[in-house]
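Engineer: Sequence plus predicted model, see below.
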Amino acid sequence: MNSILFGILTIVSLFIFMNLGKIKASKKQMNRDDRIKWNSRRKPNIHENRDGSKIIEGSAEEISDKKKH
Amino acid sequence: MSKHSALNTFGRSGNPAFTRNFDNTGTFSQSERMTLDGAVNKTAILLGLCFAGAFVGWNVPALTLPGLIIGTILAFVTIFRNPTKAGSTAPFYAAFEGIALGGITVYAEMQYPGIGIQAIGLTFGILASLLFCYKSGIIKPTENFRLMLFSATMGIMLLYLVSFIMSFFGSGIGFIHSNGLFGIGFSIFVVGIAALNLVLDFDFIEDGAEKGLPKYMEWYGAFSLMVTLVWLYIEILRLLMKLRSR
């Protein structure tokens, strides 16, 4: 009896996995700001100047003469 | 020099199975992209191979140790050497781990009849219930969640490694294997950590499918899920053996 119950549990669980696994997760799960960033190892695109200072691409801002004054 | 250079290089978590192979986002046609369907189907294939291997291991228990060693080597090859070839290595990993699990289950069944089906039922029961919790948003994995799980998993692995090395000198860490309250509590903790690792696997697969990673990542996601399921099954079996031996 014990084995039959656990056997049924196994089959039902596999059925749930096969069907539920193919459905996209809820918006509550997907649209969060604190989601895991799985590609966080990607290095930022950094170039080094001759004087040793570093410029991160996309972060540099051009300063016009108008802004200076 | 940025004071966050280590963080930029390694990310918040150094878990190689999850972070090494996620930088391959690019432009692929729809048929070359990872999908949820593909990842689930490939997990089913790996589970089928694992059960087939377990049938062999059940009938020829002498293959347990070779199966375990070859399976472990294949796992390391898949993670560290060539993840793009996960489609070739993961099926062999599943088959060899299946042989090992079949042999281990025979050993457990000889001592406690009926324990194998209980462990299988509980493993898949946890898989289905955690998948529901993840899909519905009841459990929300965050960076801190990943960091906590990674620390706990590495701590457990280190403890097992120290215990394994100490066993060569006739010693060991007693409470890991004891059937006392502390030993059972430790096993429940390890089962909990192994189960929560499933949530990370679900998130890894979901995120990969959403970002449209290359097709081979379906095999890699299925492989990650398989590694966690094998660990969870072994830990549940150990916990049940401790409980039955009291």
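Structural biologist: Now that the structure is in, tell me what you want to look at.
Engineer: quick check, distance from the helix ranked longest in chain B to the centre of its chain.
Structural biologist: For chain B, the helix that runs over the most residues, judged by DSSP state H, is helix B:181-211. Helix B:181-211 has its C-alpha centroid displaced from the chain centroid by 8 Å (Cα atoms, centre = their mean, to the nearest Å).
Engineer: average pLDDT across stretch B:157-176?
Structural biologist: For stretch B:157-176, mean pLDDT is 87.
Engineer: Now find how far off-centre it is within its chain.
Structural biologist: 21 Å.
Engineer: What's the end-to-end length of that stretch?
Structural biologist: 12 Å (Cα to Cα, to the nearest Å).
Engineer: So for it, what gets flagged as buried?
Structural biologist: Residues of stretch B:157-176 classed as buried by neighbour count (16 or more other Cβ atoms under 10 Å in any protein chain shown): B:163, B:175, B:176. (Glycine included, C-beta is placed from N, CA and C.)
Engineer: In which helix or strand does residue A:15 reside?
Structural biologist: Secondary structure assignment for residue A:15, by DSSP states H and E: helix A:2-20.
Engineer: For that helix, list the C-alpha coordinates in PDB.
Structural biologist: Taking Å, rounded to 0.1, in the frame of the first residue of the first chain, the C-alpha atoms of helix A:2-20 are listed here in PDB:
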ATOM      1  CA  ASN A   2       2.800   2.300   1.000                       C
ATOM      2  CA  SER A   3       4.700   1.600  -2.300                       C
ATOM      3  CA  ILE A   4       1.500   2.200  -4.400                       C
ATOM      4  CA  LEU A   5       1.000   5.600  -2.700                       C
ATOM      5  CA  PHE A   6       4.500   6.700  -3.400                       C
ATOM      6  CA  GLY A   7       4.400   5.300  -6.900                       C
ATOM      7  CA  ILE A   8       1.300   7.400  -7.600                       C
ATOM      8  CA  LEU A   9       3.000  10.400  -6.100                       C
ATOM      9  CA  THR A  10       5.900   9.900  -8.500                       C
ATOM     10  CA  ILE A  11       3.700   9.600 -11.600                       C
ATOM     11  CA  VAL A  12       1.500  12.600 -10.600                       C
ATOM     12  CA  SER A  13       4.600  14.700  -9.800                       C
ATOM     13  CA  LEU A  14       6.300  13.900 -13.200                       C
ATOM     14  CA  PHE A  15       3.000  14.700 -15.000                       C
ATOM     15  CA  ILE A  16       2.900  18.100 -13.200                       C
ATOM     16  CA  PHE A  17       6.600  18.800 -14.000                       C
ATOM     17  CA  MET A  18       6.100  17.900 -17.700                       C
ATOM     18  CA  ASN A  19       3.100  20.200 -18.100                       C
ATOM     19  CA  LEU A  20       3.800  23.000 -15.700                       C
END
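Engineer: can you list contacts of that helix?
Structural biologist: When contacts are defined by Cβ atoms under 8 Å, 6 or more residues apart in numbering or on different chains, helix A:2-20 is touched by residues B:40, B:43-44, B:47, B:114, B:117-118, B:120-122, B:124-125, B:127-129, B:131-132, B:135.
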